Structure formats: structure tokens, C-alpha cells
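In: no FASTA, just this:
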């Protein structure tokens with residue numbers, strides 16, 4: 001990743017809600033290639049066993065200025081992290097953490 005990649009975490013209403021997110025928080029992401037609904041699904045969690053949502057992958061859920069999971073999928077490893085920038089309604093806007 002040569003530039004800053006921004007993504008949207010969605011689905012909070014199905015998991016923990018958006019109240020668990022705060023700016024600066026690191027979230028765990030992992031690809032879910034066996035997902036029955038989306039072959040480019042990227043799972044998002046507070047820790048490895050606590051799912052908080054998915055990276056947005058639909059034109060209806062991807063916030064303006066952020067990348068869809070599909071556009072990001074081949075640019076990241078199977079497991080990576082994102083850092084919360086802010087929460088806007090039901091969307092959590094994050095920056096993909098770069099490898100050190």
C-alpha cells in the first residue's frame with residue numbers, strides 16, 4: 001500500500017453496534033474467501049473472536065472517499081489491521097494500517 005487507504009466498516013447493527021468504536025482504536029481484519037454471500041468479504045473484529053462487522057463492499061454502503069473491500073482485497077494480506085478515524089451514523093471510517 002503506497003498511499004493511505006480508507007475503508008468503511010458496516011454491519012454494526014447486526015453485531016455490537018457502533019458504540020464500541022472510538023477514534024484511534026485498532027481493529028482486526030481477515031479475508032473470508034469461503035463467505036457464501038461475498039467472495040471478497042473482509043471480516044472485522046475487536047479481537048480475533050469478537051466480530052464487529054465487515055468492510056463495506058456495496059455501492060450502497062461504501063462511504064464516499066473510501067475503498068470497497070473488493071478494491072482492497074488483492075492489496076492486503078489475509079490478516080491486517082485498520083485504525084478507526086471516526087464514526088458517522090452507522091458507518092465507521094478507518095485507515096488501513098501499513099506494515100512496519
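Out: All right, it came through fine. Because the structure is a prediction, the values reported are computed rather than measured.

In: center of the protein - which residue?
Out: residue 55 (3.4 Å; C-alpha atoms, centre = their mean).

In: ok, that one - contacts?
Out: 7, 8, 9, 10, 29, 41, 42, 44, 68, 69, 72, 82 (C-beta atoms under 8 Å, 6 or more residues apart in numbering). Using the backbone N, CA and C atoms, a C-beta is placed for each residue, glycine as well.

In: which of these fall within strands?
Out: The members of the contacts of residue 55 that map onto strands under DSSP state E are 7, 8, 9, 10, 29, 42, 44, 82.

In: out of those, which one has the lowest pLDDT?
Out: Note: of the ones in strands among the contacts of residue 55, the lowest pLDDT belongs to residue 10, at 91.

In: roughly how far apart are it and residue 39?
Out: 17 Å (C-beta to C-beta, to the nearest Å).

In: ok, now residue 46?
Out: 25 Å.

In: quick one, which of those two is more surrounded?
Out: residue 46 (17 against 13; other C-beta atoms under 10 Å).

In: confidence score at residue 20?
Out: 87.

In: show me where this structure dips below the pLDDT cut-off.
Out: The model of the chain has pLDDT under 70 over residues 1-3, 99-100.

In: excluding its backbone neighbours, what's nearest residue 5?
Out: residue 96 (4.1 Å; C-beta to C-beta, 6 or more residues apart in numbering).

In: nice, that's everything, thank you.
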